[in-house]
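Engineer: got a structure for you, letters missing:
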Ligand code: UGA
């Protein structure tokens, strides 16, 4: 079976490399010439654990990349993995999806093909794609992805479930094709959810919205814990010990970011609203998340009074650990707010590429500083904390626990930590003479 993958972003690239590892002949298609050139040289344009090694392993053998849609002619299955960004009203923008479908259409012939939608698309999109291809010998399958950035390749090979949505469950052809492609998972007992298009599409949004809701829920409880004097970390742990609740995604902090949760929650809200239904719970999830960063900033403000002229070390630029991705990063949002308050910000991230991306984002004049906005991106954590009025933690790097906090205490101007991810050992930090402010654990 020959496979083409349209789009070589996070989803498409992992899909291409993963299917190549299964032994299929795979061609990745992308309109971005620069990206295709890089990939054909074995260079991954994005950072993912183990990705470049696996890319190099299959390149020139059963994996290659091209800008030509004509290559789909030679393939039996086409995975659609193009981006579905947010439009100005918060809806999923399907421009790239439909333009890819049109490009594919130009090269279809009589041969039977399966088109698999992996991009996150609003309910009804697979049906619309099939409608556009009604005169062709194709079946459309919805196969949402549940990969986490940073460990996407690991997630690809160890899925909790495979979700497959079909237009007609009485038509065995596409079902057989998909079962063959994912036979590796079938053999290992991974549950397969075989359903209709609409359910499959909704599963993806519901999964992300549910996880986002867990985060907003615990963040809301944290606000009360802060006032009444509880410890949210202990509360989360106890909640998680109830198997019905589960311990994942219950870490309180300054909110969720990234390219998926904020965008998908918004897009789901729009899907309700466009059908005249008010999504009360999901809207509240979004609201809590949007407010959380201001709630945290107010905590900092309450401590100092006026923030104007204060210097802070912000530890964490990426939206979560081990990625260079700054999209919707709470750390970046906080930096923007601190700059607005007239603060001097010295930031650091363990991932070098995340630091580079931040420099680019703020268009710094050199690698060290953007003097106009009093922002510094430093390559060393201890440099970042030197002479600051407070240290602020914005990304949940476990390494932060192992840092030499005694040394940090000697470098800062004032020993205060605002732990936006509740990552530090509160008692240990306090013993070192720091004032400690977490989220829901004061
Ligand atoms: C998320 C989902 O976890 C994936 O299953 C899904 O496939 C993906 O979106 C997608 O739709 O493509 P990802 O965006 O990579 O994956 O990141 P997560 O690991 O889910 O973290 C999202 C955000 O939530 C981060 O900002 C993180 O700091 C925050 N978070 C996570 C919390 O604030 N508390 C937690 O307990 C967990």
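Structural biologist: In hand now; what should we look at? Just so we're clear, the structure is a prediction, and the values are computed from it rather than from any experiment.

Engineer: List the contacts of stretch 263-277.
Structural biologist: 85-86, 89-92, 120, 122-123, 204-206, 208-209, 212, 278-279, 282-283, 285-286, 289, 328 (CB atoms under 8 Å, 6 or more residues apart in numbering). C-beta coordinates here come from the backbone N, C-alpha and C atoms, glycine included.

Engineer: May I have the residues that are in contact with the residue of the chain positioned farthest from its centre?
Structural biologist: For the chain, the largest distance from the centre (CA atoms, centre = their mean) belongs to residue 110, which lies 38.6 Å off. Residues touching residue 110, when contacts are defined by CB under 8 Å, 6+ apart, comprise residue 137.

Engineer: Check for me that it belongs to a strand.
Structural biologist: No. Remark: residue 110 does not belong to a strand; assigned using DSSP: H, G, I helix; E, B strand; the rest coil, it is coil.

Engineer: From residue 136, how far out is it?
Structural biologist: Counting by CB to CB, to the nearest Å, the separation of residue 110 from residue 136 is 9 Å.

Engineer: just to revisit the earlier point, and the contacts of stretch 263-277, which are buried?
Structural biologist: With neighbours counted using 16 or more other CB atoms under 10 Å, these contain these buried positions: 86, 90-92, 120, 122-123, 204-205, 208-209, 212, 279, 282-283, 285-286, 289, 328.

Engineer: if you skip the residues just before and after it, what's nearest to residue 163?
Structural biologist: Spatially, and ignoring its direct neighbours in sequence, residue 163 is nearest to residue 193 (4.7 Å; CB to CB, 6 or more residues apart in numbering).

Engineer: contacting residues around the one you found?
Structural biologist: Residue 193 makes contact with 161, 162, 163, 164, 200, 203, according to CB under 8 Å, 6+ apart.

Engineer: And the pLDDT at it?
Structural biologist: According to the model's per-residue confidence, residue 193 sits at a pLDDT of 98.

Engineer: and it, what element?
Structural biologist: Secondary structure assignment for residue 193, by DSSP states H and E: strand 192-196.

Engineer: That strand: which residues count as buried?
Structural biologist: Neighbour-count burial for strand 192-196, counted by 16+ other CB under 10 Å, picks out 192, 195, 196.

Engineer: Residue numbers of the chain in contact with the ligand?
Structural biologist: Taking CB under 6 Å from any ligand atom as the test, the list of the chain residues beside the ligand reads 120, 145-149, 208, 211, 215, 249-251, 253, 256-258, 260-261, 264, 319-320, 396.

Engineer: Filter those residues down to the buried ones and hand me the ChimeraX line.
Structural biologist: For the buried members of the residues of the chain next to the ligand, the matching ChimeraX selection, counting by 16+ other CB under 10 Å, is:
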select :120,145,146,147,149,208,211,215,249,250,251,253,256,257,258,260,261,264,319,320,396
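
Engineer: Just the ones of the residues of the chain next to the ligand in helices?
Structural biologist: Restricting those to those inside helices, with DSSP state H as the criterion, leaves 208, 211, 215, 261, 264.

Engineer: Which members of those define the maximum pairwise distance?
Structural biologist: Considering CB to CB, no two members of those lie farther apart than 215 and 264, which are separated by 13.1 Å.

Engineer: picking that back up, okay, and which of the contacts of stretch 263-277 map to helices?
Structural biologist: Using DSSP H to define helices, the subset of these located there is 204, 205, 206, 208, 209, 212, 282, 283, 285, 286, 289.

Engineer: Mind putting the residues you listed into CSV with distance to residue 378?
Structural biologist: Formatted as CSV, those follow (distance: CB to CB, whole Å):
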residue, distance to residue 378
204, 39
205, 39
206, 41
208, 34
209, 37
212, 32
282, 39
283, 39
285, 35
286, 33
289, 29
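
Engineer: nearest to the ligand, of the residues you listed?
Structural biologist: Checking the ones in helices among the contacts of stretch 263-277 against the ligand by CB to the nearest ligand atom gives residue 208 as the nearest, at 5.1 Å.

Engineer: confidence score at residue 182?
Structural biologist: Each residue has a pLDDT score; the one for residue 182 is 97.

Engineer: what does residue 368 give?
Structural biologist: Reading off the per-residue confidence, residue 368 sits at a pLDDT of 44.

Engineer: what do you get for residue 47?
Structural biologist: The confidence metric pLDDT takes the value 82 at residue 47.

Engineer: For the residue in the stretch 1-150 of the chain positioned nearest to the ligand, give me its contacts.
Structural biologist: Nearest residue of the stretch 1-150 of the chain to the ligand: residue 149, at 3.4 Å (CB to the nearest ligand atom). With contact taken as CB under 8 Å, 6+ apart, residue 149 is in contact with 10, 48, 258, 259, 260, 320, 323, 325.

Engineer: hmm, 6 Å instead?
Structural biologist: When the contact criterion is CB atoms under 6 Å, 6 or more residues apart in numbering, the partners of residue 149 are residue 323.

Engineer: same deal with the one 10 residues further on?
Structural biologist: Contacts for residue 159 (CB under 6 Å, 6+ apart) come out as residue 190.

Engineer: do that again at 10 Å, thanks
Structural biologist: Listed by CB atoms under 10 Å, 6 or more residues apart in numbering, the contact partners of residue 159 are 145, 146, 147, 182, 185, 188, 190, 191, 192.

Engineer: Kindly report the same for residue 324.
Structural biologist: For residue 324, the contact set (CB under 10 Å, 6+ apart) comprises 46-48, 149-150, 317-318, 349, 351-358.

Engineer: In strands only, show me those residues.
Structural biologist: Secondary-structure check on these using DSSP state E: no residue lies within strands.

Engineer: Need the buried ones from those selected in ChimeraX.
Structural biologist: Applying 16+ other CB under 10 Å to the contacts of residue 324, the buried members can be selected in ChimeraX as follows:
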select :46,47,48,149,150,317,318,349,351,354,355,357,358
